[in-house]
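Novice: Quick one, fold the following:
(chains A and B)
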Amino acid sequence: MAQITYREALNQALREELDRDERVFVMGEEVGYFGGAFKVTDGLLAIYGEKRVRDTPISELTIVGAGIGAAMGGLKPIVELMTINFGLLAMDQIVNSAAKIHFMFGGKANVPIVIRAPQGGGHQLGAQHSQSLEAYFLHAPGLRVVIPATPADAKGLLKTAIRQVDPVMFLEHESLYGVKGEVPEDPEFMVPFGKANVIREGKDVTIVTYSKCVYDAIAAAEALENSGIDAEIVDLRTLNPLDMATVVASVKKTGHAIVVYEGWRTGGAGAEIAAQIHEAAFDSLDAPVARVAALDSPMPYNKHLEHASLPSAGDIVKAAEQLT
Amino acid sequence: MALERDKHTAQHALLTLHESQLLDLYRRMTLIRRFEEKTAEMYSRGKITGFCHLYAGEEAVAVGSIYALNDKDYVVSTYREHGHCLAKGAEPRVVMAELFGKATGISHGRGGSMHLFDQDLRFMGGYAIVGGGLPIACGLALAVSYNEGPEVVCCFFGDGALPQGAFHETLNMASLWKLPLVFICENNFYGMGTLVQNAISQEELYRFAEPYKMPGVRVDGMDVLDVYGATMEAVARARAGDGPSLIEAVTYRFRGHSMSDPAEYRSKREERIWQERDPIKNLHRRLLAEKRATDAKLDEVEREVAATIDDAVKFADESPEPSMDELGKGVYASEDK
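Specialist: Residues are numbered from 1 along each chain as shown, chains lettered A, B, ... in the order given. Modelled structure (predicted):
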């Protein structure tokens, strides 16, 4: 199997789906001639032309709204938000339109749109460019929230997202674009929604996480081996649908759980997951579920302060040691 | 209000439309008026609840513009959309049933007054965020253009939507991409209770077309033939691939913003002046004066419409509530049976 980057895996998924289905098209700021701000759509314009790889003005609200309208008109739009931070300008269309149209119109309209957006901190980009906002979308019934960690999942989940009928927020992590991994070349390779991946088995503590924090969890698990703590890691892959069955089965086995996420601690996606673990597996827990998340502060620019604001492998190790 | 446009298209429409078509325009406007009057009555009797924004007074805008469309053309609307939905061909009984919140309603009782929708009629929904329908209309037009289809998208919004970013973003994108769109701004002078001149720096709203390099025209929104004539021109342009147009239809809502608004910010004198320009009475008068219809025919329309509305209310009243089994369902298309 080929070793390719997360970025290349996404690009491959886009190419395969553009090849497969004439209704699929890509739209967003700088996706065409520039090749994407993070180069995810690099090379697509030359192959598919302006009709299917459409550069837009800087108008996030209408880019997303037009994607929704195009989806209602029978197309399969893949809308790129240059970063999730700009996606806040499109929140009205995401929450008031995409999430609700199928329901409020009596089930007679579908919105098969995929909204891709890079997010996350770690590059000293300051307060307005370092956010992880998955919780905002998780909070809106009607949206699927997909958040891959590995190149294979990035490809397989994007393909699933494009082929299904619900509106999808597809959240990529800016730090992961260069990460390499094995990715199947089969054009029918898909990763289903709502199936968490137990990427490391262990018996002492369950680390529930997603996106970039998966790598922090892996580093932490390796470090914890030295302290004789055997950690299991569950990569959720999708937050909606949320595979709590896999999480709960793991927690029932280990008796301890740490939820790790890069969003702000308060009201983050991990807070919801922790609550659900308490509800479903309280009797199996030997201690309350721990959370490792970002500090409740806008991101500082300073490198050391930024690093300390984000969850790290060290924070996970500390939490596991306190818990077990 | 002095209109800057001469009414040659309205006069042309009066001369060229067949008598049955003129009667059809009259019938559609009357249907909407009686529907809205009955809606108000049912609201006061507690049969209809929630937000409810009536269209009485503005009938010429929906009827005149939608009459210029084909069945396959799309309409995108607002939360004051009973009129647009009926004009696009929805059965009054399923619209009334929706207002009653019944399972037989056009949106199965999930949408209510502000969220009517019918894909088959290409009535693509009422949106209850001011300006919210504009980007969606842009996307529908993009889909038409992508598929090289013959359809046109007609997007309605009020004067209140003009200061929204969505309006400017959408007009820019639609013009840039030459999309088959007709923007119809229903200028009824008030965004809720705020006068246009207190909200918008350029109160001649059709002039917003110019910076986006599209034709802009102000029409008499109380004259169904003027609206029809202007929309015919805009539709022809859109269908020919020449891009969007903006039509400002100057009109007046005879009631408050919603059922809970007594409209105390307007003078009785102002309301009287506009009621004298009632679009239905206006057409009634002209059809008789120009001998294009008879009193008997027009009375017959009234009777037919009254029967249709009575039937709609009876249907809505007798229809079942949505089942409690539906609670929590219908959120995801992928989970529908």
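Novice: Could you use CA atoms for every contact and neighbour count after this?
Specialist: Will do.
Novice: Quick one: name whatever helix or strand follows the longest helix seen in chain B.
Specialist: Counting by DSSP state H, the longest helix found in chain B is helix B:19-44. Moving toward the C-terminus from helix B:19-44, the next helix or strand (DSSP states H and E) is helix B:59-66.
Novice: For B:E4, report the pLDDT, please.
Specialist: On pLDDT, B:E4 comes in at 51.
Novice: Now do the strands in the stretch 151-300 of chain B.
Specialist: For the stretch 151-300 of chain B, the strands defined by DSSP state E, counting those that start in this stretch occupy B:153-158, B:181-187, B:190-191, B:194-195, B:216-220, B:245-250.
Novice: would you list every one of the helices in chain A?
Specialist: So, for chain A - with DSSP H - the helices run A:6-20, A:44-52, A:60-72, A:84-87, A:91, A:101-104, A:134-138, A:151-163, A:213-226, A:244-254, A:269-281, A:303-309, A:313-323.
Novice: What helix or strand is the residue of the stretch 1-150 of chain B found nearest chain A located in?
Specialist: Nearest residue of the stretch 1-150 of chain B to chain A: B:G139, at 3.5 Å (C-alpha to the nearest C-alpha). For B:G139, the host element (DSSP H and E) is helix B:133-146.
Novice: just to revisit the earlier point, out of the strands of the stretch 151-300 of chain B, nearest to B:E210?
Specialist: B:E210 lies closest to strand B:216-220 among the strands of the stretch 151-300 of chain B, at 6.9 Å (C-alpha to C-alpha).
Novice: And A:V234, how close does it get to A:V205?
Specialist: Separation of A:V234 from A:V205 (C-alpha to C-alpha, to the nearest Å) stands at 11 Å.
Novice: swap in B:M114?
Specialist: From B:M114 to A:V205 the distance is 50 Å (C-alpha to C-alpha).
Novice: Likewise for A:V31?
Specialist: Distance from A:V31 to A:V205, by C-alpha to C-alpha: 42 Å.
Novice: follow-up on the earlier one: would you confirm that the residue of the stretch 1-150 of chain B closest to chain A contacts A:G65?
Specialist: Yes: the pair B:G139 and A:G65 passes the contact test of C-alpha atoms under 8 Å, sitting 6.8 Å apart.
Novice: can you give me the helices for the stretch 101-250 of chain B?
Specialist: Counting by DSSP state H, counting those that start in this stretch, one finds helices in the stretch 101-250 of chain B at the ranges B:133-146, B:165-176, B:224-239.
Novice: Just put those in JSON lines and tack on mean neighbour count and mean pLDDT.
Specialist: Shown next, in JSON lines, are the helices of the stretch 101-250 of chain B (neighbours: other C-alpha atoms under 10 Å in any protein chain shown; pLDDT from 0 to 100):
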{"stretch": "helix B:133-146", "mean neighbour count": "29", "mean pLDDT": "98"}
{"stretch": "helix B:165-176", "mean neighbour count": "22", "mean pLDDT": "98"}
{"stretch": "helix B:224-239", "mean neighbour count": "25", "mean pLDDT": "97"}
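Novice: Can you report how many residues lie near B:P211?
Specialist: 10 (other C-alpha atoms under 10 Å in any protein chain shown).
Novice: For it, give me its contacts.
Specialist: If you count contacts by C-alpha atoms under 8 Å, 6 or more residues apart in numbering or on different chains, B:P211 has none.
Novice: and if you look at A:L45?
Specialist: A:32-33, A:35, A:52-53.
Novice: Tell me the one among the residues you listed nearest to A:Y215.
Specialist: Among the contacts of A:L45, and counting by C-alpha to C-alpha, the member closest to A:Y215 is A:G35, at 27.4 Å.
Novice: That closest one is in contact with A:V53, isn't it?
Specialist: No: using C-alpha under 8 Å, A:G35 is not in contact with A:V53; the gap is 9.7 Å.
Novice: okay, the two: which has more neighbours?
Specialist: A:V53 (26 against 19).
Novice: tell me the phi and psi of the closest residue in space to B:M114 that isn't next to it in sequence?
Specialist: Once flanking residues are discounted, B:M114 sits nearest to B:Y79: 4.3 Å by C-alpha to C-alpha, 6 or more residues apart in numbering or on different chains. The phi/psi pair for B:Y79 (degrees, to the nearest 10) reads phi -90, psi -10.
Novice: and what of the one 10 residues further on?
Specialist: Reported as degrees, to the nearest 10, the phi and psi values for B:G89 are phi 120, psi 10.
Novice: now the one 4 residues further on
Specialist: Main-chain torsions, B:R93, degrees, to the nearest 10: phi -70, psi -40.
Novice: so what's it up against?
Specialist: B:R93 neighbours (C-alpha under 8 Å, 6+ apart): B:105, B:309, B:311-313, B:315-316.
Novice: between the contacts of A:L45, which is nearest chain B?
Specialist: Of those, the one sitting nearest to chain B (C-alpha to the nearest C-alpha) turns out to be A:R52, at 8.6 Å.
Novice: what's the neighbour count on the closest one?
Specialist: Neighbours of A:R52 using other C-alpha under 10 Å come to 21.
Novice: what are the bridge partners for the residue lying closest to it once chain neighbours are set aside, then?
Specialist: Among residues not flanking A:R52 along the chain, A:F25 sits closest, at 4.5 Å (C-alpha to C-alpha, 6+ apart). Beta-bridge partners recorded for A:F25 (DSSP bridges): A:P77.
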